[in-house]
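Enquirer: Just a sequence and a predicted model for now, questions to come.
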Amino acid sequence: MSYIKGYDPQTLREVVDPHQCKERLEELGDQRSLPALLERVWLLKVLGTLEDALVVSEQSVRVARMGGTRKDLLRSRVLHATVLQARGTYAAAHQELTTCAEEAEGQNWAALAAFALQHRGKVSYDVGDYADARADFKRALFLRQESGATEDQLESTLLAIEAAERRRSPAAAS
């Protein structure tokens with residue numbers, strides 16, 4: 001079940017039903033499995049409970065480091081970086097996402113690299129660097145197409161590209 005109802009065309013943030021998200025958070029309770037931790041991080045983040053999201057995201061990184069695969073660890077780190085971004089810690093989020101994207105691309109994990117690049121693009125978008133945001137979104141689109149991503153994932157990336165192009169200054173477009 002997807003809790004994402006769409007994306008805000010101005011902020012590129014997920015549009016969710018808060019009631020559904022809170023219900024799911026209650027269902028998850030204090031489960032400690034990595035998938036449950038990652039889902040809790042995302043739910044807390046979209047609900048705006050950023051301090052709790054940060055604590056759980058740090059826990060998910062530790063759990064992945066101790067008992068997960070390299071892909072699990074990268075996913076956890078990307079999600080942790082999105083929490084940093086939501087808290088306004090853009091430089092740290094950008095650095096973490098860069099490292100994750102490079103490692104994923106080095107391993108030929110196109111879907112995971114696209115995930116990291118999409119979010120790095122959102123960090124650039126948040127700080128007003130629309131040219132870098134657009135470049136990351138375009139690279140994410142290519143990788144998502146290459147990895148057979150869902151229509152929803154492709155659509156969210158196309159929306160992000162359009163938003164970055166709309167916000168670019170006229171001088172940058174020429």
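Expert: In hand now; what should we look at? Quick caveat, the model's predicted, so the values are computed rather than measured. Numbering: from 1, shown residues only.

Enquirer: Do a quick rundown of the helices in the protein.
Expert: Along the chain, the stretches classed as helices by DSSP state H are 18-28, 34-46, 50-67, 70-86, 90-106, 110-126, 130-146, 151-167, 170-173.

Enquirer: nearest to Lys5, of those?
Expert: Go through these one by one with CB to CB and the one that ends up closest to Lys5 is helix 18-28, at 9.1 Å. In this view, the C-beta of every residue, glycine as well, is placed from N, C-alpha and C.

Enquirer: Give me the below-cutoff pLDDT ranges for this structure.
Expert: Screening the chain residue by residue with the criterion pLDDT under 70, one finds the ranges 1, 169-174.

Enquirer: for it, which residue is closest to the average position?
Expert: With distances taken as CA atoms, centre = their mean, the chain has His119 as the residue nearest its mean C-alpha position (4.3 Å).

Enquirer: How much space separates that residue from His19?
Expert: When CB to CB, to the nearest Å is the yardstick, His119 and His19 sit 26 Å from each other.

Enquirer: burial of Glu27, as a residue count?
Expert: Glu27 is surrounded by 10 other residues when neighbours are defined as other CB atoms under 10 Å.

Enquirer: can you check Ala111 too?
Expert: Around Ala111 there are 16 residues (other CB under 10 Å).

Enquirer: right, and it touches Ala149 too?
Expert: Yes. Applying CB atoms under 8 Å as the test, Ala111 and Ala149 come out as touching, 6.6 Å apart.
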